[in-house]
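Enquirer: structure for the following, please:
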Amino acid sequence: TTSTSKGPSLASQLKLQLPAGCVLEWDSTQLLFKSGHKYVTDELMLSILNSPLSDKIQSIDLGLCYQITDATMLTIGKKTALRYLNLCGCFNVTDKGIIALNMLVNLNSLVLYRCQHLTDAATKAISNASYSLFMLNLSHCYELTSAGFEDIGNQ
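Expert: All right, here's what the predicted structure looks like:
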């Protein structure tokens, strides 16, 4: 159970027991799991995200945290300061999770690489959302069709 940060660790502040091998890097605006991605669950993320310590978070990197589901996305969708979200390899995130992000007015970078359950409903939600993306990665989202990419292109 390792956590690195400036000052007391987030894990100790939240009284979290991180899974063995899980290394969390945290400061008041960024959350990144450096290792142990496979142990990151909705329960762990909700413990972090429901804390007042996460209110000003601007960057969340959940790349390869494949246990994450729409339950986490529903809470991330309330973090209005969020600018960057990496969900690379979060196989269990669906259209419902992406739709939950629609009020993140400051979001400018969204990585959905290998989110294999996303459909054109997700791209429709992205194109209708209140944010303006500078970077969007939809590589290897195999359920998307050309119509979904057209929605993005017409944004």
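Enquirer: now for the nearest residue to Met73 once chain neighbours are set aside, how many residues are close by?
Expert: Excluding the flanking residues, the one nearest Met73 by Cβ to Cβ, 6 or more residues apart in numbering is Gly97, at 3.2 Å. Where C-beta positions appear, they are placed from N, C-alpha and C, glycine not excepted. Residues lying near Gly97 (other Cβ atoms under 10 Å) number 26.
Enquirer: go on, the one 3 residues further on?
Expert: Residues contacting Ala100 under the criterion other Cβ under 10 Å number 20.
Enquirer: next one: phi and psi at the residue nearest to Met73?
Expert: phi -70, psi -40 (degrees, to the nearest 10).
Enquirer: same question for the one 5 residues further on.
Expert: Backbone geometry at Asn102, expressed as degrees, to the nearest 10, gives phi -60, psi -20.
Enquirer: which residue ranges of this structure form strands?
Expert: For the chain, applying DSSP state E gives strands covering 2-5, 23-27, 30-35, 59-61, 84-86, 109-111, 135-137.
Enquirer: pLDDT below threshold where in this structure?
Expert: Filtered on pLDDT under 70, the chain yields the residue ranges 1-15, 155.
Enquirer: now do the helices in it.
Expert: Under the criterion DSSP state H, helices of the chain are mapped to 10-14, 42-49, 70-76, 95-99, 120-128, 146-153.
Enquirer: so which of the ones you listed gets nearest Cys22?
Expert: Closest to Cys22 of the helices of the chain, according to Cβ to Cβ: helix 42-49, at 8.1 Å.
Enquirer: re the thing from before, now render the strands of the chain as JSON lines, adding distance to Leu44 and mean neighbour count.
Expert: Formatted as JSON lines, the strands of the chain follow (distance: least, Cβ to Cβ, whole Å; neighbours: other Cβ atoms under 10 Å):
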{"stretch": "strand 2-5", "distance to Leu44": "12", "mean neighbour count": "16"}
{"stretch": "strand 23-27", "distance to Leu44": "9", "mean neighbour count": "18"}
{"stretch": "strand 30-35", "distance to Leu44": "9", "mean neighbour count": "17"}
{"stretch": "strand 59-61", "distance to Leu44": "13", "mean neighbour count": "20"}
{"stretch": "strand 84-86", "distance to Leu44": "17", "mean neighbour count": "20"}
{"stretch": "strand 109-111", "distance to Leu44": "20", "mean neighbour count": "20"}
{"stretch": "strand 135-137", "distance to Leu44": "24", "mean neighbour count": "13"}
